[in-house]
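>>> build me a model from this:
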Amino acid sequence: MRLLGFRCLHESYLGYEFEITLEPGQHCFHPASTLELQPQNSYSKIALWLTQQQLTGCQTVSFQTKKVPLCQALACVDLLNTGQVATVDLSEWLALQGLMPRGRFHVLQWWQHDNSYTLHCQTTDCLSRACYHWLRQQAIRFQLVYVRHI
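Residues are numbered from 1 along each chain as shown. Predicted structure coming up:
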């Protein structure tokens, strides 16, 4: 799904409340459900990283039990904290890399619009707060995010 908007509502010691607007999908949200969100690197961030490493994103690698293009595998890898690239076996190198922090959020309310969903959410733990800060500081409009409804 694509991120269409984000707005901070309230920050307290109990958790951070915010509204997130997503493109429509096949999800049916309801209050008290949990939204899991995996941040993704932007295309430009991946392209810059590949250029700096003198690699091409089209080569196939093994990542999380699947064969995917390198550029797709890099989407959720924490590119700020990557180690030295071992160009001999990128699949092994990828297995050693950390992923961007996945967050789980309580859905307090949600609204369906003609072409989007707006969800009023609250952070649940430290990892969800790290994901919240990514949304607040690095996410850009129309960026892809992996969303799972639990």
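
>>> can I see the domain layout of the protein?
Residue ranges for the domains of the chain, per automatic domain parsing: 3-39+101-149, 43-95.

>>> can you report phi and psi for residue 49?
Backbone geometry at residue 49, expressed as degrees, to the nearest 10, gives phi -60, psi -50.

>>> for residue 103, see how far away the one residue sitting closest to the centre of the chain is.
Residue closest to the average C-alpha location in the chain (CA atoms, centre = their mean): residue 39, at 1.0 Å. Residue 39 sits 8 Å away from residue 103, going by CB to CB, to the nearest Å. Every C-beta, even on glycine, is put in place using the N, C-alpha and C of the backbone.

>>> got any residues that touch both of those two?
Here residue 39 and residue 103 share the contacting residues residue 131, scored by CB atoms under 8 Å, 6 or more residues apart in numbering.

>>> that older thread, need the domains of the chain in JSON lines (columns: mean pLDDT).
As requested, those are exported to JSON lines (pLDDT from 0 to 100):
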{"stretch": "domain 3-39+101-149", "mean pLDDT": "86"}
{"stretch": "domain 43-95", "mean pLDDT": "86"}
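
>>> hmm, residue 23 is touching residue 113, no?
No: the pair residue 23 / residue 113 is not scored as a contact, 10.5 Å apart, by CB atoms under 8 Å.

>>> which one's more surrounded, those two?
Between residue 23 and residue 113, counted using other CB atoms under 10 Å, the more crowded position is residue 23 (15 against 10).

>>> list the contacts of the more buried one.
1, 2, 4, 115, 116, 117.

>>> quick check: closest non-adjacent residue to residue 50.
residue 57 (5.2 Å; CB to CB, 6 or more residues apart in numbering).

>>> what's the distance between the one you found and residue 74?
For residue 57, the distance to residue 74 (CB to CB) stands at 7 Å.
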